[in-house]
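S.K.: got a predicted structure plus its sequence, pasted below:
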Amino acid sequence: MPASPTATPEVCQSEYRFRCINCGDLSDGAGQDFRCAKCSDLLEIVYPKLRETANPAQLKSQWKQRHLSSTAVDLSGVWRFRELLPTLASNFEPITLREGNTPLYKLPQCARIAGVPHLFAKHQGMNPTGSFKDTGMTVAASFARQAGFRWVACASTGNTSASMAAYAARGGLRSLVLVPEGKISWSKLSQALDYGAVTCQLRTDFDGCLKLLQELVRKAPVYQLNSINPFRLEGQKTLALELLEQLDWQPPDHIIVPGGNLGNSSAIGKALLEARDLGLISHLPKLSVIQAEGANALVRTMREALGKKLVSVEAQTRATAIRIGNPASWKKAVHVLEATGGVVEQVSEIEIAQAKAEIGAEGIGCEPASAVTLAGLKKLTKQGFVQPKESVILVLTGNVLKDPDYIMEFHRGDLFQGTQHEKDAAVLQTLRRPPIVLNATLDVVIKTLEQAEKSDPTHT
Ligand code: F0G
């Protein structure tokens, strides 16, 4: 059993408080399960004095100026926005790997495909461990260390565990990873091993891992770093601030995000609402969430229960990052959809594979879970929810290298072999570029080049 932390997780600072999303109870500290002591619902972090003290023009200029600074906190694309984050005690430095600072790419080819000329990707896969999780982890891991914990832990579909293991290692903490056996990509699993985590492959799914973690943190002095932890969401909020800064504080019409456990959509939505309330932006973009058809708990929650109660599902999708059937932050996500006027939509396995290949063909690349955004956009455009003249940001959550098996199977034509999707996969044929094994002669390579040119003369 690990040693007890030297300090309790209670943090008493005037700048921020914990508020229950259900009963509104305010508190200065949170227990290890990060649930309301009165009603057990999730907590969020609020800044009661921020609105009185914040000057939007000054904040924008301060954040911009920090691009010229070389201190560790200013080089972080998260801590650069520290006025909107919980403050660490003065003798604690954040654990940072220079997270954030991710590019905003134009997507001209995907724009043509989707019929939306103003299309961009905010690529969170360009973070230090290859996913958006790093922006939340820098904050939550720093607070774990400040609270005196020796061990941090998470349940994960792979990216959270990779990120947590890295930040724990950088911060001198030990980490415990709970992942569903056989249901996460090797690439993510190997990251956790490389960063020295104690990695447990549990014979269950993600939802089973998360349930077990919740029990564990009540019994052992282990700090949980899932997105139930509201410090994570505060860090992930900065994606929206950085995006708005990149757009010169002119909000886009739409932001489209993949939905799994629903922490990220909740975090981005929270940032947008705070930015509007502080006068950093004049109006809200619509934030929409896209899920895989086989892991569509939020879709069903909105359609069948009008967002009033969670409809859980048994999750099944090759986009393993979002293979989640019982999303913890569903209430926060429902609030964001309602507050911003966004919608939730689902996309099929074939649509995900197609969109992923199309994003890859732009030279951008992403993991399957991120590609649901483009697949979803195509649907939202057809439905008329997104208009051709409107600007759209797709949040790409994970790096292309996160799931190489998926890519190899796609291009070799094996991805849907023996599955119910096999027949429909014919539409993917033109996007496949399988590797070609040849004798090492110049002749053969030149012939291959000529054949490739003939088969696709319009390729630009
Ligand atoms: N995209 C990627 C690449 C992810 O890894 C995740 C979640 C999501 C989207 C969905 O984000 O859960 O905030 O709605 N991955 C988690 C993990 C669950 O353990 O890595 P969400």
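M.R.: Cool, the structure landed.

S.K.: so what's the spatially closest residue to residue 173 that is not a sequence neighbour up against?
M.R.: Of all residues not flanking residue 173 in the chain, residue 152 sits nearest, at 5.3 Å (C-beta to C-beta, 6 or more residues apart in numbering). The C-beta positions use only the backbone N, C-alpha and C, and glycine is treated the same way. Applying C-beta atoms under 8 Å, 6 or more residues apart in numbering, one finds that residue 152 lies in contact with 141, 144, 164, 168, 173, 174, 175, 176, 222, 223, 224, 225.

S.K.: point out where the chain drops to low pLDDT.
M.R.: 1-14, 457-460 (pLDDT under 70).

S.K.: where along it do the strands fall?
M.R.: 17-20, 26-27, 43-46, 104-106, 118-123, 151-155, 174-180, 198-202, 222-224, 254-258, 286-292, 344-347, 391-396 (DSSP state E).

S.K.: same list, those strands, but as TSV with distance to residue 359 please.
M.R.: Formatted as TSV, these follow (distance: least, C-beta to C-beta, whole Å):
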stretch	distance to residue 359
strand 17-20	37
strand 26-27	42
strand 43-46	32
strand 104-106	10
strand 118-123	7
strand 151-155	27
strand 174-180	26
strand 198-202	29
strand 222-224	32
strand 254-258	12
strand 286-292	13
strand 344-347	13
strand 391-396	7
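
S.K.: and the ligand, which of those is closest to it?
M.R.: Distance to the ligand, taken as C-beta to the nearest ligand atom, is lowest for strand 254-258 among the strands of the chain, at 4.1 Å.

S.K.: quick check: angle from that closest one to strand 118-123?
M.R.: Orientation note: strand 254-258 sits at an angle of 40 degrees relative to strand 118-123 (axes from the mean of the first three to the mean of the last three C-alpha atoms, to 10 degrees).

S.K.: ok, strand 254-258 near the ligand or not?
M.R.: Yes: counting by C-beta under 6 Å from any ligand atom, the ligand is contacted by strand 254-258 at residue 258.

S.K.: that strand pairs with which strands, and in what direction?
M.R.: Within its sheet, and counting by DSSP bridges, strand 254-258 is paired with strand 286-292 (parallel), strand 391-396 (parallel).

S.K.: let me have those in TSV, extended by mean neighbour count and distance to residue 34.
M.R.: Listed next are the strands paired with strand 254-258 as TSV, based on neighbours: other C-beta atoms under 10 Å; distance: least, C-beta to C-beta, whole Å:
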stretch	mean neighbour count	distance to residue 34
strand 286-292	28	22
strand 391-396	27	24
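
S.K.: got the residues of the protein near the ligand?
M.R.: 131, 133, 156-160, 227, 258-265, 321-322, 367, 369-370, 397-398.

S.K.: returning to that earlier point: residue 214 versus the residue nearest to residue 173, what's the distance?
M.R.: 15 Å (C-beta to C-beta, to the nearest Å).

S.K.: could I get the full set of helices for the stretch 201-350 of the chain?
M.R.: For the stretch 201-350 of the chain, applying DSSP state H, counting those that start in this stretch gives helices covering 206-219, 230-246, 263-278, 297-305, 330-340, 349-360.

S.K.: quick one on the thing from earlier: so can I have JSON lines of the contacts of residue 152 showing neighbour count?
M.R.: Below are the contacts of residue 152 laid out as JSON lines (neighbours: other C-beta atoms under 10 Å):
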{"residue": "141", "neighbour count": "32"}
{"residue": "144", "neighbour count": "30"}
{"residue": "164", "neighbour count": "33"}
{"residue": "168", "neighbour count": "29"}
{"residue": "173", "neighbour count": "20"}
{"residue": "174", "neighbour count": "17"}
{"residue": "175", "neighbour count": "27"}
{"residue": "176", "neighbour count": "24"}
{"residue": "222", "neighbour count": "24"}
{"residue": "223", "neighbour count": "27"}
{"residue": "224", "neighbour count": "26"}
{"residue": "225", "neighbour count": "32"}
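
S.K.: I'd like the residues you listed as a markdown table, with distance to residue 340 appended.
M.R.: Below are those laid out as a markdown table (distance: C-beta to C-beta, whole Å):
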| residue | distance to residue 340 |
| --- | --- |
| 141 | 29 |
| 144 | 31 |
| 164 | 29 |
| 168 | 34 |
| 173 | 35 |
| 174 | 39 |
| 175 | 34 |
| 176 | 36 |
| 222 | 35 |
| 223 | 31 |
| 224 | 28 |
| 225 | 27 |
